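Novice: Quick one: sequence plus predicted model below, questions after.
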Amino acid sequence: MSDRSNEHYFTRAKQSIPGGVNSPVRAYGSVGGTPRFLVGAQGAYVTDTEGREYVDLVASWGPAILGHTHPEVLEAVQQAAARGLSFGASTPGETELAELVRERVSVGDAHPIGKLRMVSTGTEATMTAIRLARGYTGRDLLVKFAGHYHGHSDSLLAEAGSGVATLSMPGSAGITAETAAQTLVLPYNDLDAVRAAFDEHGPRIAAVIVESAAANMGVLAPQRGFNRSLSEITRRNGSLLIVDEVLTGFRVGPAGWWGLEAANVVPDGGGWQPDLITFGKVIGGGLPLAALGGRTEVMDYLAPLGPVYQAGTLSGNPVAVAAGTATLRLATPAVYETLDAVADQLSVAVSDALSAEGVEHSVQRAGSLFSFAFTPTAPLNYDDVRAQQAWRYPPFFHAMLDAGVNLPPSVFEAWFVTAAHDETAVSRILDALPAAAKAAAAA
Ligand code: PMP
């Protein structure tokens, strides 16, 4: 074993870091094998310690929308870093970014972001949004949907997607029964279940939190009008709708999934607004930055104006703000056209390759996000997703990896394309598909 091998680094990491990783899905638990230890990321490619280059379809789990290490983002980061790494005080850049987000997440007359508060992770954004909803409404209960992932705060780990789904965990140890009991978990895309929950507990429900389009149990777009109905039901009952766009925000379109609905790009989508929206990933351009925003009247409940406390030593960090601002400025409509076109091409190609080998599957799409479920019919909710032939994914994943394509190491994750996925990168993926589809068929 050479000193630069992935095995070497994984063995060493496991001595000092639980499971050898700082985020569980990275450990390849559900696909097996040795995780790749990465040392570089440029454009559509990542490079491991052994010097192998892979076409990347993880994109740092979303942020790298322009491709990794875009030169203009890098330049903005270097300039900001040279001015100062962290001030612990307000900076002009934060206001500029807040203004940019308010403007971008507006469609026609609809301006869902009155104000925006910056934090460092998506987990903090959703955690704060929930506290804010509870503080604003004076209610205790939260509704979430099975298979949706909103970060790892206590209230949100019940039947969560992403790593919790990958590891087949129902939730997490270390969460008190009292906390768990304050989260009602409902099946996704089931408005009857939502109405029944409100019939029973309406006056106690502070908020419904929903991924604007689910993408942490694989991709699973909402049924037509689902989000609008959630908005109507919550409004009628005096509770808030928190739309989690940590993953979809600024990725599926300039104004996120809500923007696609508001502009009727998603059929039958428009005519509603969230009370609060959470952002992460793309908004930080690859550095730790996330945010929550929404109706001014609600946002002003945050300290120092209001009684709901929230703070952060590194909140609005100037280097992260520079990366995020540069990324959003560069994410023009042309970038989204490229992402959509690459997603079209790849999702069709993977589907064709699987069909050619007789592998039953459903192509799951939400804008440029896509994934595949090994089911004969399109899943509607987490139970459907869990019923798939998930064992077909590990051999597919490893065949792609052997051919130099880095896919998400779990069937419960979305595939992420970037604007740097040019013809060369795409054709490397296409070339790898027939063997991978064969491996999935043989599983
Ligand atoms: N919400 C959603 C929809 C997410 O996809 C994620 C992360 N994948 C989070 C929240 C949590 O964000 P973070 O990992 O930055 O804490």
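Specialist: Structure's in. What do you need?
Novice: Which parts of this protein belong to which domain?
Specialist: By the record's domain assignment, the chain is partitioned as 6-66+332-442, 71-330 (automatic domain parsing).
Novice: Now render those domains as a markdown table, adding mean neighbour count.
Specialist: Just so you know, the C-beta spots here come from the backbone N, C-alpha and C atoms, and that holds for glycine as well. Formatted as a markdown table, those follow (neighbours: other CB atoms under 10 Å):
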| stretch | mean neighbour count |
| --- | --- |
| domain 6-66+332-442 | 19 |
| domain 71-330 | 20 |
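Novice: would you turn these into JSON lines with distance to the ligand and mean pLDDT?
Specialist: Listed next are these as JSON lines, based on distance: least, CB to the nearest ligand atom, whole Å; pLDDT from 0 to 100:
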{"stretch": "domain 6-66+332-442", "distance to the ligand": "6", "mean pLDDT": "98"}
{"stretch": "domain 71-330", "distance to the ligand": "2", "mean pLDDT": "96"}
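Novice: Is Val210 part of a helix or strand, or is it coil?
Specialist: Applying DSSP: H, G, I helix; E, B strand; the rest coil to Val210 yields a three-state assignment of strand.
Novice: Then Thr95?
Specialist: Assignment for Thr95 (three-state DSSP): helix.
Novice: One more: Gly306?
Specialist: Of the three states, Gly306 takes coil according to three-state DSSP.
Novice: quick one: the spatially closest residue to it that is not a sequence neighbour from Thr278, how far?
Specialist: Excluding the flanking residues, the one nearest Gly306 by CB to CB, 6 or more residues apart in numbering is Asp300, at 5.6 Å. For Asp300, the distance to Thr278 equals 17 Å [CB to CB, to the nearest Å].
Novice: What of Ala440?
Specialist: 34 Å.
Novice: Ok, Thr95 next?
Specialist: In terms of CB to CB, Thr95 sits 20 Å off from Thr278.
Novice: and the end-to-end length of stretch 137-157?
Specialist: 22 Å (CA to CA, to the nearest Å).
Novice: Please enumerate the helices of the stretch 201-350 of the chain.
Specialist: For the stretch 201-350 of the chain, applying DSSP state H, counting those that start in this stretch gives helices covering 226-236, 256-262, 296-299, 318-330, 333-356.
Novice: can you put those in a markdown table and add distance to Gln42?
Specialist: Listed next are the helices of the stretch 201-350 of the chain as a markdown table, based on distance: least, CB to CB, whole Å:
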| stretch | distance to Gln42 |
| --- | --- |
| helix 226-236 | 37 |
| helix 256-262 | 27 |
| helix 296-299 | 38 |
| helix 318-330 | 16 |
| helix 333-356 | 17 |
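Novice: check contacts around the closest residue to Phe374 other than its chain neighbours.
Specialist: In this structure, Phe374 finds its nearest non-sequential neighbour in Gln389, 4.0 Å apart by CB to CB, 6+ apart. Gln389 makes contact with 360, 374-375, 443, according to CB atoms under 8 Å, 6 or more residues apart in numbering.
Novice: Between which two of the residues you listed is the distance greatest?
Specialist: Thr375 and Ala443 (14.7 Å; CB to CB).
Novice: Setting the sequence-adjacent residues aside, check what's closest to Arg102.
Specialist: Closest to Arg102 by CB to CB, 6+ apart is Ile113, at 4.6 Å.
Novice: so is the one you found in a helix, a strand, or just coil?
Specialist: Once three-state DSSP is applied, Ile113 turns out coil.
Novice: That one contacts Val105, doesn't it?
Specialist: Yes. Counting by CB atoms under 8 Å, Ile113 does reach Val105; the two are 4.9 Å apart.
Novice: Look at Met1 and report its pLDDT.
Specialist: In this prediction, Met1 carries a pLDDT score of 51.
Novice: center of this protein - which residue?
Specialist: Leu247 (2.5 Å; CA atoms, centre = their mean).
Novice: contacting residues around the residue nearest to Arg102?
Specialist: Counting by CB under 8 Å, 6+ apart, Ile113 touches 101-102, 105-106, 277, 293-294.
Novice: With Glu96 instead?
Specialist: Thr325.
Novice: again, but for the one 5 residues further on
Specialist: If you count contacts by CB under 8 Å, 6+ apart, Val101 has them with 113, 116, 279, 283, 291, 293, 328.
Novice: Ile242 too?
Specialist: Shown in contact with Ile242 (CB under 8 Å, 6+ apart): 126, 129-130, 133, 207-210, 274-278.
Novice: same thing with Pro112?
Specialist: 105-106, 258, 273-274, 277, 293-295.
Novice: one more time with 10 Å
Specialist: 102, 105-106, 243, 255-256, 258-259, 262, 272-277, 293-295 (CB atoms under 10 Å, 6 or more residues apart in numbering).
Novice: same deal with Val417?
Specialist: 44, 56-57, 59, 64-65, 67, 251, 338-347, 368-370, 425-426, 429.
Novice: Wait, Ile209 touches Asp244, no?
Specialist: Yes. Counting by CB atoms under 10 Å, Ile209 does reach Asp244; the two are 6.1 Å apart.
Novice: List the residues that are in contact with both of the two.
Specialist: 126, 129, 144, 148, 150, 156, 276, 278.
Novice: Which stretches in the protein count as strands?
Specialist: Here the chain has its strands, by DSSP state E, at 38-42, 45-48, 53-56, 115-119, 141-145, 183-186, 205-211, 240-245, 276-279, 290-294, 362-366, 369-373, 405-406.
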